[in-house]
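Student: have a look; sequence and predicted model below, questions after that.
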Amino acid sequence: MTSNQNYLEIHCLQNLTTEFELIKDLKATPLEVLEFDDRSFAFQGPAKICGIGTFIHLEGALFISGKKNDFLATAKLVSSAPIGDKLFKYTLELTRFDKPLWESFRKSVEHSQIATDTLFQSMRDHD
């Protein structure tokens, strides 16, 4: 990843009740979030890591304009859907998290997208 990108990596997903790790070795190979909104995000993972409604402790890093910020949160699994034989798309709704940090991340991504859109529009206008 380049230094100006904004993204979220997940280094630990743990069932809040049992304290079992849901996906092994995330510290070595972190998950990268696929999409996100105001209070939730989605990622790909192995099939059937846990059931809908499970509360999850997560540890990760929010990269905002390339600067790493530790991100700790509690979330609830709100949906899971198969996207292949062995992969599922999971959506977690954040329940306890650093709201100002999350909002800063979201705004930074939004500003980056606007800048990219403006660049492509100016390139099209010059053709």
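Tutor: Yep, it's here.
Student: only C-alpha atoms for contact and neighbour calcs from this point on.
Tutor: Noted.
Student: what's the single longest strand in the chain?
Tutor: The strand spanning the most residues in the chain, taking DSSP state E as the definition, is strand 67-82.
Student: how about that one: buried residues?
Tutor: Of all the residues in strand 67-82, those buried under the rule 16 or more other Cα atoms under 10 Å are 71-78, 80.
Student: cool, stretch 44-54 as well?
Tutor: Neighbour-count burial for stretch 44-54, counted by 16+ other Cα under 10 Å, picks out 44-45, 47.
Student: same check, this time on stretch 12-22
Tutor: Neighbour-count burial for stretch 12-22 [16+ other Cα under 10 Å]: 12-16, 21-22.
Student: ok, of the residues you listed, which one's closest to T29?
Tutor: C12 (10.3 Å; Cα to Cα).
Student: list the beta-bridge partners for that closest one.
Tutor: On the basis of DSSP bridges, C12 is bridged to E59.
Student: equivalent analysis for L72, please.
Tutor: Beta-bridge partners, per DSSP bridges, of L72: E59.
Student: A helix includes I49, no?
Tutor: No - counting by DSSP: H, G, I helix; E, B strand; the rest coil, I49 falls outside a helix, being coil.
Student: now it: closest residue in space, sequence neighbours ignored.
Tutor: Spatial nearest neighbour of I49, excluding adjacent residues (Cα to Cα, 6 or more residues apart in numbering): L22 at 5.6 Å.
Student: OK, contacts around E35?
Tutor: 41-43 (Cα atoms under 8 Å, 6 or more residues apart in numbering).
Student: could you check how far it is from F105?
Tutor: Noted for E35: a distance of 13 Å to F105, by Cα to Cα, to the nearest Å.
Student: separation between the residue nearest in space to the middle of the chain and F55?
Tutor: Nearest residue to the geometric centre of the chain (Cα atoms, centre = their mean): V33, 3.1 Å. Look at V33 and F55: by Cα to Cα, they are 18 Å apart.
Student: residue ranges for the helices of this structure, please.
Tutor: 99-126 (DSSP state H).
Student: ok, of the buried residues of stretch 44-54, which one's closest to F63?
Tutor: Q44 (19.0 Å).
Student: follow-up on the earlier one: now the longest strand of the chain: mean pLDDT?
Tutor: In this model, strand 67-82 has an average pLDDT of 97.
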